[in-house]
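Colleague: Need a 3D model of the sequence below.
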Amino acid sequence: MLDSIPKDLNRPWKDPMPETGERHLAQELRGIGLSGYDMPEWKKDAYGKTLTFGQRSKLSIQEQRQSLPIYKLKKELVQAVHDNQVLVVIGETGSGKTTQVTQYLAEAGYTTKGKIGCTQPHRVAATSVAKGVAEEFGCHLREEVGYAIRFEDCTEPDTVVKYMTDGMILREILTIIAMIQTGNIFYRPREKQAQAD
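Modeller: All right, here's what the predicted structure looks like:
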């Protein structure tokens, strides 16, 4: 029976023991493995031409950064940080708040006095954002960009942008050494949490 199952699941195959009028399994398996470029026409019509699923962008990292909505406010944001002791940045999901503001501050020289810290609500968010920003920054993770989550500190003394969970920034704030190291804190609460209050 296993010999009748094809290796290529995208091509049709014959069920060795089909019920009359029932071949649901073969129909369900036909779409598995299709790339985003092989999207059916009905899906393109339903979702529109602009929506893509799992496709890599043809834009360079720099072009992708410049295409984010927050890029238009780069100078104003850096000036607002300079002019204000506390600044609240509000924007839509995917606008570039987490990934870009930290880089703008680093590019503006705010890392000469200490690290730029950015909180994330979950461990996975802290690690994945740090990996993406390290790639945009043009360095290996742990060098200029790193993260700190419970039981794992992926930073070096030279790290200038540090993503961490709310609990980790609380721990750092409670120690005098960490308060000296963290000159700029970019706080990003996403959910109502007792620690964030």
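
Colleague: CA atoms for contacts and neighbours, from now on please.
Modeller: OK.

Colleague: where along the protein do the helices fall?
Modeller: With DSSP state H, the ranges of helices along the chain come out as 24-29, 41-47, 61-67, 74-83, 97-107, 123-137, 166-173, 176-181.

Colleague: low-scoring stretches of this protein, by residue?
Modeller: 1-40, 42-56, 175-197 (pLDDT under 70).

Colleague: hey, what's residue 147 bridged with?
Modeller: Taking DSSP bridges as the rule, residue 147 bridges to residue 154, residue 163.

Colleague: residues contacting it?
Modeller: 126, 127, 130, 153, 154, 155, 162, 163, 164 (CA atoms under 8 Å, 6 or more residues apart in numbering).

Colleague: That one and residue 105: what is the separation?
Modeller: The spacing between residue 147 and residue 105, counted by CA to CA, to the nearest Å, is 17 Å.

Colleague: The helices of the chain: which one's closest to residue 90?
Modeller: Residue 90 sits nearest to helix 97-107 of all those, at 8.0 Å, using CA to CA.

Colleague: for the closest one, packing partners?
Modeller: helix 74-83, strand 116-120, helix 123-137, strand 161-165 (3 or more CA pairs under 8 Å, 6 or more residues apart in numbering; DSSP states H and E).

Colleague: Minimum distance to residue 114: which of the helices of the chain has it?
Modeller: Ranking the helices of the chain by proximity to residue 114 (CA to CA) places helix 176-181 first, at 5.0 Å.

Colleague: mind checking how far residue 73 is from residue 153?
Modeller: On the measure of CA to CA, residue 73 and residue 153 end up 32 Å apart.
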